[in-house]
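[1] what's the 3D shape of this:
(3 chains)
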Amino acid sequence: MAKITLAKGLNAGLRAAMEADPKVLIMGEDVGKLGGVFRITDGLQKDFGEERVIDTPLAESGILGTAVGLAMRGYRPVCEIQFDGFVYPAYDQIVSQVAKIHFRSQGKLKMPIVIRIPFGGGIGAVEHHSESPEAQFAHTPGLKVVACSNPVDGYWMIQQAIKCDDPVVFLEPKRQYHADKAELDESATPAPLFTSRVLREGTDVTLLTYGPMVKTCMRSAEAAAGEGKSIEVIDMRTLSPLDMGPVHESVRKTGRVVIAHEAHINLGMGSEIAARISEECFYSLEAPVIRVGSFDTPYPPSRIEEEYLPDLERVLDAVDRSLAF
Amino acid sequence: MNESKTDFGPGLGEVFGPSHADGGPDLVQLLTPEGERVEHPDFSFDLDDEAIKGLYRDMFLSRRIDTEATALQRHGELGIWAQMLGQEAAQIGSGRALRPQDFVFPTYREHGVAYCRDVDPLRLLGLFRGVDQGGWDPNENNFGLYTIVIGAQTLHAVGYAMGLQRDGVVGTGDSDRDAAVVAYFGDGASSQGDVNEAFIFAASYNSPVVFFCQNNQWAISEPIERQSRIPLYQRALGFGFPGVRVDGNDVLACYAVTQAALKRAHEGSGPTLVEAYTYRMGAHTTTDDPTRYRLSSDLERWKLKDPIARVKVYLTRNGIVDQHFFAELDDEAEKLGEHLRAGCKALPEPNILDIFDHVYAEQTDELAIQQAGYAAYLDTFEGSPAGGGH
Amino acid sequence: MAVNEYKLPDVGEGLTEAEIVAWKVKVGDTIKVNDIVVEIETAKSLVELPSPYAGTITALLVSEGDTVAVGTPMISISSGDPADVVPTAAPTAASGAGDKGAAKSEPVEADGEEPMKTLVGYGPRATDAKRRTRKAGASAASVEGAAAHLQLQGAFTPGGEPVDVVEGDEPAVPATPAAHVADEGSVKVLAKPPVRKLAKDLGIDLRSVTPSGPNGTITRADIEGFTAGADTSAQQVETAGDPALAGGMARSGERETREPIKGIRKMMAQAMVDSAFSAPHVTEWITIDVTKTMRYVDKLKAHRDFRDVRVSPLLVVAKAVCLAIRRTPEINATWDGAAQEVVFKHYVNLGIAAATPRGLVVPNIKDADQMSMQQLGSSINALAGTAREGKTQPAEMAGGSFTITNVGVFGVDAGTPIINPGESAILCFGAVRKQPWVHKGKIKSRDITTLALSFDHRLVDGEKGSRFLADVAAILEDPASAMLY
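    Numbering: from 1, shown residues only, chains lettered A, B, ... in the order given. Take a look at the predicted model:
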């Protein structure tokens, strides 16, 4: 099988979902003719038509609000937000409406909406194109939040998210869109959507991550192995709900945890994960849970973004601090 | 209210007149405040006097619902109530123009439209009493849940209309199949970004939506002059579709205009903005005190345009009904009042453990654990049975 | 005939009170539901209140001009219909759990300032500052445990590998570390952070500690029980030399290894210093022929009373010490400088120094002087076994009055032992070795050993020390002489 990028994996997954269910719609700015600014929806309007792959006006709130109405009418809209920093005009529709309608209607109205958001930095972009807003959505009951990290997960997870009857904020690490390739076996059985996964086994430290930081963490584990440190890397994959089972198992084995994400340290996903670990694995902890993230400042100009974002060195520094306890 | 000229824009009353003005030359009217039928070149009311009696009854009873609910709030049975007093014609007129397959997206004041959609008025009370957040099934009555966020529902309405288009139930020519959406909103909402985005989407996709704006002149204490420098119905042109202003206190005109707008939508001609020019005779809600920001003289002027009174005059002057009709209606209203009072107190209380059940269509383990944990916690206390059936 | 009261409601402004402006009805009037009965003034607005009840006004309960708190009955109305419901003026709807009672919008502030009004809804509610009553037997801890929160791993397996004892010897250094050592990568120890810190500070490997806490966790008490305690004596015994046991991470290829001074090492050092530099130590020794003791030991081994008791020369030494103390009680006394008194003890708590991988422990046998030979033997065995397992409790190490240290197990003859602080003498028992000896005029191979006694010269002078030592020696040379005591 050919090796594919994350962009191609998502594209193929979207195509498969569109083929499987005529109620699936794609909507967003530039998703139709252009195929999306990242080409994730490339070729889909040509094959499925303008009624199912909808180029929308430049209005994020409008995209999400009309998606609500479409969902009420029985459709399964897959909304694309062009860049993470532009989700905010839609934020009200997402948290006040999409997240709450199933609850307030006591289950009579379903919101099977997928909100695809390219997130994270590392592409040398201008402001508002490199955000990591996942914690804000994970903190909103009624939403589910997942983050893929590689082409194979991208292919499967987007289909699973579309099949899910709940609204899913689907985060895609944009720096990976056209980067690393992987082989896709379309006949494989994928892991369930809301599960985390051990990517690399180890015994000394558990390293938790997701999205764009997965690659950095795997590289960190490799480098650490050269120093005689054995790191277990887990891709969280789902941020709401969290799948803590494999995490707790790992922590009980290693006794040490480092959590790494691009998002700000303060009140990032690491905070919740750390709290749960300390509650569940208290007696197993040899060291406090250590978080690695970007600084608590707005995203800086891109020329220093690689210093701003946590890199291999910062991850391993945290690992070393953990081991020193 | 503010008549003085300042550096901050023209005086609020200067743009197109204060709210006691007659609504301008474009106002569509078919029944005057004095109860006289008049004609309009573009719109006509084609139903008979029996229909008008029905409309009267609808308005009379829906007003009673509104009055009872206000009283219930004063009794302490509801936390709050949003009164629709004075807007009966706009709601009943537009509501009765709907076909069963049309779908309505209300704000939180469309008790008259709910009535037309056969939503038991008791179901409306739950939200205001604090026992639920919408007590009816939108798909049973084709009437959405009340939306508190101002204007948000107009986008939902357009999305639904886009769904109708994809379902192939627009422009078929079959009047039992062709469907449309009515999005209700107020003058204040017309300033919200979402409403403007809804106009854009509806125009862009030519969606079958009737944007029904009840301009009752006030958004709590902000007058319409604060929201718009141009008569609201003229906004539509800016977005690329027709707008019409109708006398919101004239049930015949509201019926006719809405019917026409729905016809446009059904046949695939796209959206229309209907501005029902009316007045909020009551307060914004039961917590509001309008005496703080509007003149009683305004109120008095609008009392003379009461939507129900003019129909009563028409019916009696033309000998269409007798006192018996009104007496029967009074009885019916009494019974309705009792139904509401008794029913309100009997509305089932929410159970804290139930709130976990409908957060998601597919429940998460974490939430199930949280629910079970709380149930166990409750069970440790004297006197409280552990939740309902968990 | 029901009489209903209409209580002042919160008309939705977060009201706590209102002024009665004007009654619109009077006693005796007949009214219908929703007839306006009164006009009230809330903070700056007038509200007309419609009656929830129909019937005849029986009483106006408040007067015009009164300022009335929300929830106060204003008017009573008698209805002809007995089926009228009891008033529920303030909604209990939002109060949630059944036992909270009717919610009222009671004023929250006491300072007379205007309360903050809410734009929508019922407004704030006062809450009780009391706890709810729990059912008997329920507790917060058990409730929390009930939820699927605790997912602790399976019990950490306590206990350790069976220990090989050096053949023939008594409380001696176990050949292998006493406790369970987990494999790398297997289930790790469970202990909360403060306990881990304590263990680290004491230089204890948690893997060696037997957990007694819930779900297989190691508690603080487990650590404290495992430590050597504050009192140690005799030579500093080298541990097995395993750097992992000392709490640090070994680094290969370096010329020096530094280990922090902490834990048992620290305590032992302190004790030695305290003892060595407060009590003037004098050490005397004597080399004796203990062949008869060795034969006696063999006899004891065969004796049925000693079927289950491990007998060794140490047992005889212990007995000899207890007897000899009778003649020289100073040996068993304490110098109490603070009280300026010498404390003569009427008991012998006989300490036996035991070397373990953790360091030296000196548990003592309480009232050893009261014991029979067999009891003494059993006690020595028990003490040794407990020490090997690292389970010696602090209480066992406290209150000693005399200590025997057995350097013989190392093959060492004698030494200059340091007295256990709080005691006045310590006897060092060396190896028993076949040596040429003058026996009955001829050179024979006999079992020879050396006894070394250090004593506190503040209260034991040379005469007493010598006499004691000689007495012990005499018994060992001829166990039958014990009968003379």
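[2] can you list the domains in chain A?
    According to the domain assignment given by automatic domain parsing, chain A is divided into the following structural domains: A:2-184, A:197-324.
[3] buried ones in stretch B:357-373?
    When burial is assessed from 16 or more other Cβ atoms under 10 Å in any protein chain shown, stretch B:357-373 yields the following buried residues: B:357-360, B:364, B:367, B:371-373. Heads up, the C-betas are built off the backbone N, CA and C, glycines and all.
[4] Next, name the residue at the spatial heart of the chain.
    Picked chain A for this. Central residue check for chain A by Cα atoms, centre = their mean: the C-alpha nearest the mean position is that of residue A:147, 1.6 Å away.
[5] beta partners for that residue?
    With DSSP bridges as the criterion, residue A:147 is bridged to residue A:171.
[6] tell me the contacts of it?
    A:119, A:134, A:171-173, A:210-211, A:236-239 (Cβ atoms under 8 Å, 6 or more residues apart in numbering or on different chains).
[7] Please narrow those to those residing in helices.
    residue A:134 (DSSP state H).
[8] for the chain, what are the low-confidence residue spans?
    Unless you meant another one, I'm taking chain A. Of all residues in chain A, those with pLDDT under 70 make up the ranges A:1.
[9] look at chain B instead
    Scanning chain B with the threshold set as pLDDT under 70 gives B:1-21, B:384-390.
[10] So which bits of it are right by chain C?
    Counting by Cβ under 8 Å from any Cβ of the partner chain, the residues of chain B lying close to chain C are B:67-68, B:71, B:73-80, B:129-131, B:285-287, B:289, B:291-292, B:337-338, B:341, B:345, B:347, B:349, B:352, B:369, B:372-373, B:376-384.
[11] now, which of the residues you listed lie within helices?
    Among the residues of chain B next to chain C, DSSP H puts B:67-68, B:71, B:73-75, B:129, B:337-338, B:341, B:345, B:369, B:372-373, B:376-379 in helices.
[12] ok, back up a step: what is the nearest of the buried residues of stretch B:357-373 to residue A:23?
    Nearest to residue A:23, judged by Cβ to Cβ, of the buried residues of stretch B:357-373 is residue B:360 at 19.6 Å.
[13] thought the closest one was touching residue B:367?
    Yes: with contacts counted by Cβ atoms under 8 Å, residue B:360 reaches residue B:367, the gap being 7.2 Å.
[14] Which pLDDT does the model give residue C:126?
    In this prediction, residue C:126 carries a pLDDT score of 66.
[15] ugh, typo on my part, it should be residue C:194
    In the prediction, the pLDDT value recorded for residue C:194 is 87.
[16] count of neighbours near the nearest residue to it once chain neighbours are set aside?
    Closest residue to residue C:194 apart from its sequence neighbours, by Cβ to Cβ, 6 or more residues apart in numbering or on different chains: residue C:220 at 7.3 Å. Burial of residue C:220 is recorded as 14 neighbouring residues (other Cβ atoms under 10 Å in any protein chain shown).
[17] again, but for residue A:47
    Residue A:47: 11 surrounding residues under other Cβ under 10 Å.
[18] Please apply the same query to residue A:88.
    By the criterion of other Cβ under 10 Å, residue A:88 has 16 neighbours.
[19] next one: residue C:336
    12.
[20] which ones are touching the nearest residue to it once chain neighbours are set aside?
    Spatial nearest neighbour of residue C:336, chain neighbours left out: residue C:343 (5.4 Å); criterion: Cβ to Cβ, 6+ apart. Remark: with contacts taken as Cβ under 8 Å, 6+ apart, residue C:343 is in contact with C:333-334, C:336.
[21] Sketch out the helices for the chain, chain order is fine.
    Picked chain A for this. A:6-20, A:44-48, A:60-72, A:91-92, A:101-104, A:134-138, A:151-163, A:213-226, A:245-254, A:269-280, A:305-308, A:312-323.
[22] not what I meant, chain B
    Counting by DSSP H, chain B has these helices, from start to end: B:49-75, B:88-97, B:111-116, B:121-129, B:138-141, B:152-167, B:193-205, B:224-227, B:232-239, B:251-266, B:296-303, B:307-317, B:323-345, B:365-379.
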